[in-house]
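Peer 1: Mind folding the following:
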Amino acid sequence: MNIQFKKIATELSITEKQVSTTADLLEGGATIPFISRYRKELTGSLDEIQVMAIRDRLFQLNELEKRRQVILASLTSLGKLTDVLKTVVNAAETLIQLEDIYLPYRPKRTTRASIARERGLEPLSVIFMEQQEGSIYALAECYVNTEKGILTATEAISGARDILAEIMAEDPGLRAGIRDLFLNKGKFNCRVIDGQQEKGAKYSDYFEWSEPVKHAPSHRVLAMRRAEKEQIVWLEIRPEAEDAISLMESYFLKSETETGTQVKMAIADSYKRLLGPSMETEVRLLTRKKADQAAIKVFTENIRQLLLAPAMGEKRVLAIDPGFRTGCKVVCLDEQGKLLDNATIFPHTGAGGLAEAEKLLKALIMAHQINVVAIGNGTAGRETEMFVRNIVVESLVVVMVSENGASVYSASEVAREEFGEYDITVRGAVSIGRRLIDPLAELVKIDPKSMGVGQYQHDVDQKLLQVSLDDTVISCVNQVGVELNTASKQLLSYVSGLNAALGQQIVEYRNKNGAFTRREDLKKVPRLGDKAFEQAAGFLRIRNAENPLDSSAVHPERYDLVHQMANDLNTDISTLISNDSLRKEIKLRSYVSQAVGLPTLQDIVLELAKPGRDPREVFEVFNFTDGLNSIADLKVGMQLPGIITNITNFGAFVDIGVHQDGLVHMSQLSNRFIKDPNEVVKVQQKVLVTVTDVDIARKRIALSMKTPEKQQEKQVAKPLERIASERKPAKQSESTNMPRKKMVSKVRKPEIETDLASKLAALKDKFK
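Peer 2: As a prediction, this is how the structure comes out:
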């Protein structure tokens, strides 16, 4: 185990003690949020990402060790395990290396090589492999045996080649070399299957496509795989065959003798029939795994940003799920999201409906003292927004809210349990309103895959995706903290140390005994033991609690320490919290002990400054451009406000209020080069975009986040760069002693001319 700790420490650039301590905490049932927040002294202040990395790497190494023991047991039972082979198996550092070593010994079904061995042709294959001198037919005649089915020397030679082909295909060193060749020089080659052009029109980019394996981005790998799965395209992954054959010959070909010729033939057969297909299968799995990891990373980061979107907070909300023919479902919610009233209005179906809708809406707003109106951004969303803005007072805030996942929630078991007596459209409206009050508390009830973010999330490894999503949701919930007296059982289930069963127990206890007044009362909840309390207490808040620390992130295990700080300053905790100058008098080093170090003490003081502070950004009201309701209203060149709704590896999607998100390609996200869209944007971010193209037929909108001046400079720079690159290298300039290529960058922006020849002539004049 110490070897594993040392390996992980080296890989993560941390100490072996940090790894071993973290492993012990995880083994003891501590959660990742608890370890990173409340055990900093033990781990050396490792953050959540580092703790997750240790957990995941330990799992991988344990799986590797399990497989190693299975292989050693198998080799022993087969009578193949030697001291040398055991050393090689124990030295393998990856599953791939381990499987390559085991492959020649693994029990397999009947093969051409195994048949040849049964016929006694293995000695002949050894002669060929050694490339001994002599006539191959003379050598093979000795192995003709009618009883074993070898009727001619030619059959003996063919059987010997079959053995050679299998030996080559199972050679660990060669497999590693060919695998590397596939990964570094291989290509994805796609072509459309005859007759599938119309059915697979959305995959038209891949009808005739080729690109290097090592450069293919995850979204294209997943798109090609999906197109292949749907039988739209034929997909192959191969390097140039000549390169593979050449590599194999460098391993096995020693001479130009007749036996050497047989080896050469065996090499070609081995690659075509065995090694090539085997490596393609492996590389398919490796590239898919890599693409899955990239897609999952994108998806989970989007989910994190969505869950941590700013909350409007405790407001009385009138929420509308808009619609044309079926009307708009209206609900009124109190500050905690409790359903107070519901109705249906028809503002889009005629004058009578409009007047009645206006009257009813105003009455609901007055009756329930509404502060905010939340409107779903789906069908009829913008039209409903205009209707509401025309009838409400300016002091009433109107906000468009994403509907993604609301329909999934409304039909779920969770929604039926909460609002079983109401129609699913009412449940959907409630979800829209609640996610404005607190998006985190509401969105945890919805399957993350239904939230409208990510790329190809249904195609990736679902088990790996679920682990990543669970980690992300748990991280977000515990980062924000949970109000104990209002949290749903779904939200509570994500709190460190709790689960669905304990979440249900807490809600039932709360319903029976009333609101919690202190954290300590959690210990009275059935089946919630000391360990669960230790893990959960610091992340649960009690608003307006008797003890102000119960509404903070200070863990109960440190309450005595805070009391000591207050006593040393001759004050109480409430005053210590409210008085900034008093807190500055705390001498942290005087409270350092074996159990508590400066990291925890610093966290405590920060928490006392803002007890229970919400780490999310402040909510800001956002409005789309008036008068734009559909894609047909857009014109190239328009500058519009928008909200980032989804981020992928190739760019970001933006809602500009026309029911169809536009795409800002990664090349248009910034004036500087970026590798990852997350460098400059995040989900729910407010941005200003420029419309660069509108394709109404395909419902596609191209947008840019570059400033117009920068865009123009870029447009000019590209043709200049291209023309300059077509010129031959110039001699050094006598006047400046600078290469001509350097001078190109010094040329000031010429006027854009339509004729390429005149551009070139103008440039030549400048270069004279």
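Peer 1: Tell me which stretches of the stretch 151-300 of the chain form strands.
Peer 2: Ranges of strands in the stretch 151-300 of the chain, per DSSP state E, counting those that start in this stretch, are 187-192, 208-212, 233-238.
Peer 1: what's the closest of those strands to residue 97?
Peer 2: Closest of these to residue 97 is strand 233-238, at 21.2 Å (criterion: CB to CB). (C-beta placed from N, C-alpha, C; glycine too.)
Peer 1: Using CSV, lay out the strands of the stretch 151-300 of the chain together with mean pLDDT and mean neighbour count.
Peer 2: Formatted as CSV, these follow (pLDDT from 0 to 100; neighbours: other CB atoms under 10 Å):
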stretch, mean pLDDT, mean neighbour count
strand 187-192, 96, 19
strand 208-212, 96, 14
strand 233-238, 97, 19
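Peer 1: List just the one of those strands that sits closest to residue 501.
Peer 2: strand 233-238 (45.6 Å).
Peer 1: so how far is that closest one off the chain centroid?
Peer 2: Computed by CA atoms, centre = their mean, to the nearest Å, the chain-centroid distance of strand 233-238 equals 26 Å.
Peer 1: counting contacts, what elements does that strand pack onto?
Peer 2: Secondary-structure packing of strand 233-238 (3 or more CB pairs under 8 Å, 6 or more residues apart in numbering; DSSP states H and E): strand 187-192, helix 218-229, helix 276-307.
Peer 1: can you tell which of the ones you listed is closest to residue 254?
Peer 2: Using CB to CB, the nearest of the helices and strands packed on strand 233-238 to residue 254 is helix 276-307, at 22.7 Å.
Peer 1: other SSEs contacting that closest one?
Peer 2: helix 172-185, helix 218-229, strand 233-238, helix 439-443, helix 462-480, strand 639-648.
Peer 1: just to revisit the earlier point, include distance to residue 237 when you put the helices and strands packed on strand 233-238 into a markdown table, please.
Peer 2: Output for those, formatted as a markdown table (distance: least, CB to CB, whole Å):
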| stretch | distance to residue 237 |
| --- | --- |
| strand 187-192 | 6 |
| helix 218-229 | 10 |
| helix 276-307 | 5 |
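Peer 1: among those, which is nearest residue 242?
Peer 2: helix 276-307 (12.5 Å).
Peer 1: What is the least confident helix or strand in the protein?
Peer 2: helix 740-746 (a mean of 35; mean pLDDT, DSSP states H and E).
Peer 1: Need the residue closest to the centroid of this structure.
Peer 2: For the chain, the residue nearest the mean C-alpha position is residue 297 (1.9 Å; CA atoms, centre = their mean).
Peer 1: which residues touch it?
Peer 2: residue 468 (CB atoms under 8 Å, 6 or more residues apart in numbering).
Peer 1: Now for residue 375: which residues touch it?
Peer 2: Counting by CB under 8 Å, 6+ apart, residue 375 touches 319-320, 322, 381, 384-385, 388, 398-401, 432.
Peer 1: Ok, residue 398 next?
Peer 2: 372-373, 375, 385, 388-389, 392.
Peer 1: try residue 569
Peer 2: By CB under 8 Å, 6+ apart, the residues touching residue 569 are 576, 582, 585-586.
Peer 1: need the residues you listed in a markdown table with pLDDT, neighbour count and secondary structure, can you?
Peer 2: Shown next, in a markdown table, are the contacts of residue 569 (pLDDT from 0 to 100; neighbours: other CB atoms under 10 Å; DSSP: H, G, I helix; E, B strand; the rest coil):
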| residue | pLDDT | neighbour count | secondary structure |
| --- | --- | --- | --- |
| 576 | 94 | 21 | helix |
| 582 | 92 | 17 | helix |
| 585 | 93 | 12 | coil |
| 586 | 94 | 18 | coil |
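Peer 1: Farthest pair within those?
Peer 2: Across the contacts of residue 569 (CB to CB), the longest gap, 9.7 Å, separates 576 and 585.
Peer 1: all helices of the stretch 401-550 of the chain, in order?
Peer 2: 406-410, 413-419, 424-437, 439-443, 462-480, 489-492, 500-513, 530-536 (DSSP state H, counting those that start in this stretch).
Peer 1: CA atoms only: put the third one into PDB for me.
Peer 2: Read it as helix 424-437. This file holds the C-alpha atoms of helix 424-437, laid out as PDB (Å, rounded to 0.1, in the frame of the first residue of the first chain):
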ATOM      1  CA  ILE A 424     -48.400  18.600 -14.200                       C
ATOM      2  CA  THR A 425     -48.500  22.000 -15.800                       C
ATOM      3  CA  VAL A 426     -49.000  23.500 -12.300                       C
ATOM      4  CA  ARG A 427     -46.000  21.500 -11.100                       C
ATOM      5  CA  GLY A 428     -43.900  22.900 -14.000                       C
ATOM      6  CA  ALA A 429     -44.800  26.500 -13.100                       C
ATOM      7  CA  VAL A 430     -43.900  25.900  -9.500                       C
ATOM      8  CA  SER A 431     -40.500  24.600 -10.600                       C
ATOM      9  CA  ILE A 432     -39.900  27.700 -12.700                       C
ATOM     10  CA  GLY A 433     -40.700  29.900  -9.800                       C
ATOM     11  CA  ARG A 434     -38.700  28.000  -7.200                       C
ATOM     12  CA  ARG A 435     -35.600  27.900  -9.400                       C
ATOM     13  CA  LEU A 436     -35.600  31.700  -9.400                       C
ATOM     14  CA  ILE A 437     -35.800  31.800  -5.600                       C
END
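Peer 1: Report the mean per-residue pLDDT for it.
Peer 2: If you average the pLDDT over helix 424-437, you get 94.
Peer 1: Check which helices and strands that helix is in contact with.
Peer 2: So helix 424-437, by 3+ CB pairs under 8 Å, 6+ apart, packs with strand 317-321, strand 328-333, strand 339-345, strand 372-376, strand 397-401, helix 406-410, helix 413-419, helix 439-443.
Peer 1: With respect to residue 660, which of those lies nearest?
Peer 2: Here strand 397-401 is closest among these (CB to CB), at 14.6 Å.
Peer 1: Let's see that closest one as CSV, backbone CA atoms only.
Peer 2: C-alpha atoms of strand 397-401 as CSV (Å, rounded to 0.1, in the frame of the first residue of the first chain):
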residue,chain,number,x,y,z
VAL,A,397,-39.4,42.7,-11.3
VAL,A,398,-40.0,40.5,-14.3
VAL,A,399,-37.5,37.7,-15.1
MET,A,400,-37.2,35.1,-17.8
VAL,A,401,-36.3,31.7,-16.4
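Peer 1: what lines up beside that strand in the sheet?
Peer 2: Using DSSP bridges, the strands paired with strand 397-401 are strand 372-376 (parallel).
Peer 1: Just the C-alpha atoms of the helix or strand just after the partner strand, please, in CSV.
Peer 2: Going down the chain from strand 372-376, the next helix or strand is helix 381-391, by DSSP states H and E. Provided in CSV are the C-alpha atoms of helix 381-391 (Å, rounded to 0.1, in the frame of the first residue of the first chain):
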residue,chain,number,x,y,z
GLY,A,381,-42.3,33.0,-23.4
ARG,A,382,-41.4,36.4,-25.0
GLU,A,383,-45.0,37.1,-25.9
THR,A,384,-46.1,36.5,-22.3
GLU,A,385,-43.2,38.6,-21.0
MET,A,386,-44.4,41.6,-23.2
PHE,A,387,-48.0,41.1,-21.9
VAL,A,388,-46.8,41.1,-18.3
ARG,A,389,-44.6,44.1,-18.7
ASN,A,390,-47.4,46.1,-20.1
ILE,A,391,-49.7,45.6,-17.1
